[in-house]
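[1] Task: produce atomic coordinates for the following.
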Amino acid sequence: MGYLYIFGCIFFTVYGQLILKWRLSLKGAMPEDFSGKLLFLAKAFLDPFILSGFAAAFVASLFWMAAMTKFQVSFAYPFMSIAFVAVLFLSALFFHEPITLGKVLGLFLIICGIVVTVRL
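    This next block holds a predicted model:
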């Protein structure tokens, strides 16, 4: 059950990141002036999907709290790197962001680090 908590945290973290990117990309660039930025953020915060992204972050933290009752943080935290992998591929799929050799190499190193950290 403990691994379900970790992966629930990853799922809701990834969901929140992708939803925020999606909805904010529809709103255009943030204005340069301070008052424009505040208005932009206030309007964005009223978007139901953006609110769901914030809710996902909260739910992810609840899953993380549950995971912390089952594992040492030094064991569980490396699994959060899976979110990097998921966001890279899902952002390429949904937002047509490029997957470069550097990103793939970086992910490979992250995955190797996860394996080493949880196995040793």
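[2] Spit out the contact partners of residue 30.
    Counting by Cβ atoms under 8 Å, 6 or more residues apart in numbering, residue 30 touches 36, 37, 40, 41. C-betas here are computed from N, CA, C, even on glycine.
[3] if you set the cut-off to 7 Å instead, what comes out?
    Contacts of residue 30 were listed using Cβ atoms under 7 Å, 6 or more residues apart in numbering, and they are 37, 40.
[4] quick one: contacts of the helix or strand hosting residue 58?
    Taking DSSP states H and E as the criterion, residue 58 maps to helix 48-68. Contact with helix 48-68 is made by 2, 5-6, 8-9, 12-13, 15-16, 19-20, 23, 44, 76, as judged by Cβ under 7 Å, 6+ apart.
[5] Restricting to C-alpha, output that helix in PDB.
    Taking only C-alpha atoms (Å, rounded to 0.1, in the frame of the first residue of the first chain), the coordinates of helix 48-68 have been written out as PDB:
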ATOM      1  CA  PRO A  48     -11.600  26.000 -12.600                       C
ATOM      2  CA  PHE A  49      -8.900  23.900 -14.200                       C
ATOM      3  CA  ILE A  50      -6.200  25.900 -12.600                       C
ATOM      4  CA  LEU A  51      -8.000  25.500  -9.300                       C
ATOM      5  CA  SER A  52      -8.000  21.700  -9.900                       C
ATOM      6  CA  GLY A  53      -4.200  21.900 -10.400                       C
ATOM      7  CA  PHE A  54      -3.900  23.500  -7.000                       C
ATOM      8  CA  ALA A  55      -6.300  20.900  -5.500                       C
ATOM      9  CA  ALA A  56      -4.100  18.200  -7.100                       C
ATOM     10  CA  ALA A  57      -1.000  19.600  -5.400                       C
ATOM     11  CA  PHE A  58      -2.900  19.500  -2.100                       C
ATOM     12  CA  VAL A  59      -4.000  15.900  -2.700                       C
ATOM     13  CA  ALA A  60      -0.400  15.000  -3.700                       C
ATOM     14  CA  SER A  61       0.700  16.300  -0.400                       C
ATOM     15  CA  LEU A  62      -1.800  14.100   1.400                       C
ATOM     16  CA  PHE A  63      -0.500  11.100  -0.500                       C
ATOM     17  CA  TRP A  64       3.000  12.100   0.400                       C
ATOM     18  CA  MET A  65       2.100  12.400   4.100                       C
ATOM     19  CA  ALA A  66       0.700   8.800   3.900                       C
ATOM     20  CA  ALA A  67       3.900   7.600   2.200                       C
ATOM     21  CA  MET A  68       6.000   9.100   5.000                       C
END
